[in-house]
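1. Below is the sequence, then the predicted model.
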Amino acid sequence: MGSQYSDPDPRRSPGLAPGVGVPPGETPQGEGSTGAETGPRDKQTRGWATGPVVILAIIVVLCAAFFIAYAVIVAL
């Protein structure tokens, strides 16, 4: 996708000395603030991936089993 604005022509830009560029004390021209590739590059998904959910479920089951076993042992 091309930009609708092109770079300024250095021959018609004020404050430029021929062959030298921007003289001391002069502010050079700024660049455009937005480019052609702004925004997300690919489709972003919402939610959790399967791997972290499975690991979290295993940790929760192990913790629950530990506390149930501890309660059974203490009750004896």
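-> On my side now, so go ahead.
2. use CA for all of it now, contacts and neighbours both
-> Fine.
3. so what's Gln4 scoring on pLDDT?
-> Looking at Gln4, its pLDDT stands at 62.
4. what does Asp9 give?
-> 69.
5. try Thr38
-> 65.
6. Then the one 3 residues further on?
-> Predicted confidence (pLDDT) at Arg41: the value is 69.
7. Sketch out the low-pLDDT regions of the chain for me.
-> 1-41, 44 (pLDDT under 70).
8. distance of Ile59 from Arg46?
-> Distance, Ile59 to Arg46, by CA to CA, to the nearest Å: 23 Å.
9. Neighbour count for the two, which is higher?
-> More crowded of Ile59 and Arg46, by other CA atoms under 10 Å: Ile59, with 12 against 6.
10. Work out for me the element the more buried one sits within.
-> Using DSSP states H and E, Ile59 sits in helix 50-75.
11. Then Arg46?
-> Applying DSSP H and E, one finds Arg46 in no helix or strand.
12. got the phi/psi numbers for it?
-> phi -110, psi 150 (degrees, to the nearest 10).
13. Quick one: residues contacting it.
-> Shown in contact with Arg46 (CA atoms under 8 Å, 6 or more residues apart in numbering): no residues.
14. gap between it and Tyr70?
-> Distance, Arg46 to Tyr70, by CA to CA: 38 Å.
15. cool, Asp42 as well?
-> Distance from Asp42 to Tyr70, by CA to CA: 49 Å.
16. Show me which of these two is the more surrounded one.
-> More crowded of Asp42 and Tyr70, by other CA under 10 Å: Tyr70, with 11 against 6.
17. which SS class is Asp42?
-> Secondary structure, DSSP: H, G, I helix; E, B strand; the rest coil: Asp42 is coil.
18. my bad, should have said Trp48
-> Under three-state DSSP, Trp48 falls in the coil class.
19. Counting neighbours, what do you get for it?
-> A total of 8 residues lie near Trp48 under the criterion other CA under 10 Å.
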